[in-house]
Structure formats: structure tokens, C-alpha cells
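Peer 1: Give me a 3D structure for the following:
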Amino acid sequence: DALPISIKALKEEGIRTVMLTGDSEKTAMAIAGESCIDSYIAECLPQTKVDEMKKLKEQHGTVAMVGDGINDAPALATASVGIAMGEGTDVALETADVVLMKNDLPRIAEAVKLSKKMNRIIKQNVVFSIAVIMVLIASNFMQSLALPMGVIG
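Peer 2: Next up is the predicted model:
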């Protein structure tokens with residue numbers, strides 16, 4: 001139940017989900033339908049996953065890949081952000097940028113939301129800092145603030 005909710009949360013953030021799997025077409029269709037995934041590509045070999053990952057990067061720019069097996073490692077390396085499951089193979093864990101220690105997929109949607117919020121706060125801080133610096137420079141040019149006080153400011 002938590003997986004479809006997290007997929008819906010990703011969709012609300014404007015993130016499209018694609019499943020690349022080595023499973024058969026029938027199995028992939030059932031899993032994709034049950035978990036509300038946008039699209040799927042079945043019967044993938046490791047090289048097929050890498051090729052599909054490259055296509056997705058061309059189409060969408062930033063692409064994250066979640067994987068846990070030895071077959072996922074090349075695609076994890078190709079993705080903009082590779083996310084490995086904590087109980088996955090050593091190769092997947094070493095290749096990934098992020099490791100989910102508790103295999104809790106819904107945390108991905110939470111992390112995306114948190115990172116967007118953090119990015120917004122960073123931008124606000126930079127704009128505020130630049131505004132303060134501009135005020136200090138302007139007040140220094142108008143000689144309403146002494147240079148040492150402007151430097152301290």
C-alpha cells in the first residue's frame with residue numbers, strides 16, 4: 001500500500017516513473033499496474049537498462065534509478081542519481097550515489113520533497129545575502145556608513 005502512495009507523491013512533484021525490469025512482459029505489466037507506475041520496459045538485460053537510462057536522460061535531463069542487483073549496477077552508474085537498496089548486492093551498493101538502508105521506497109518521495117524545500121531555502125538565503133551586501137555598498141557610496149562598519153556588516 002505504501003508504494004502506490006509514494007508513486008503518487010512523486011507524480012505530485014512532477015516526477016515521471018518508469019520501471020526497467022528483467023521480468024517477463026506479463027509480470028511487469030501486473031506490477032506496473034498495481035503500483036501506479038507510468039510506464040515499464042520488460043525483459044531488460046543490463047545493457048538494455050543502460051541504453052534505456054541514456055534515452056531517459058536525453059528526454060528528461062535528470063534521471064534517478066533505484067536498483068538492488070548486480071544487473072542494476074551499470075544503469076545505476078549511468079543515472080544522474082543512483083539509489084541502491086540497503087539489502088542489495090555489494091556492486092549495487094558501491095555504484096549508487098545513495099543507499100536506502102531500510103529498503104523503504106516511500107522515503108524517496110519524502111527526500112525529493114525535502115530537497116526541493118532545501119533548495120528553495122538556499123536560494124532565499126543567497127538572495128537575502130546579496131541584498132544586504134548591495135545595501136551596504138550603496139550606503140558606503142552615499143557615505144552614510146563608514147567603510148569599517150560596512151566591512152563588519
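Peer 1: So which bits of stretch 37-45 are buried?
Peer 2: 37, 40-42, 44 (16 or more other Cβ atoms under 10 Å). Glycine gets a C-beta too; all of them are placed from N, C-alpha and C.
Peer 1: Kindly report the same for stretch 77-96.
Peer 2: 77-79, 82-85, 88-89, 91-93, 95-96.
Peer 1: In helices, which of the residues you listed fall?
Peer 2: Counting by DSSP state H, the part of these found in helices is 77-78, 91-93, 95.
Peer 1: What is the most widely separated pair among those residues?
Peer 2: T78 and L93 (16.5 Å; Cβ to Cβ).
Peer 1: quick one, longest helix in the protein?
Peer 2: Assignment by DSSP H; longest helix in the chain turns out to be helix 106-141.
Peer 1: and that one, what does it pack onto?
Peer 2: helix 2-12, helix 147-152 (3 or more Cβ pairs under 8 Å, 6 or more residues apart in numbering; DSSP states H and E).
Peer 1: State the mean pLDDT of that helix.
Peer 2: Averaged across helix 106-141, pLDDT comes to 91.
Peer 1: hmm, back to that, let me have the ones in helices among the buried residues of stretch 77-96 in TSV, extended by pLDDT and distance to I133.
Peer 2: Shown next, in TSV, are these (pLDDT from 0 to 100; distance: Cβ to Cβ, whole Å):
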residue	pLDDT	distance to I133
A77	93	41
T78	93	41
V91	90	48
A92	88	45
L93	89	44
T95	90	42
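Peer 1: Quick check: of those, which lies closest to L3?
Peer 2: Among these, and counting by Cβ to Cβ, the member closest to L3 is A92, at 19.2 Å.
Peer 1: Let me know whether that closest one touches A75 as I believe.
Peer 2: No. Applying Cβ atoms under 8 Å, one finds A92 not in contact with A75, separated by 9.8 Å.
Peer 1: Quick test: name the residue nearest the centre of this protein.
Peer 2: A64 (5.4 Å; Cα atoms, centre = their mean).
Peer 1: excluding its backbone neighbours, what's nearest that residue?
Peer 2: V81 (4.2 Å; Cβ to Cβ, 6 or more residues apart in numbering).
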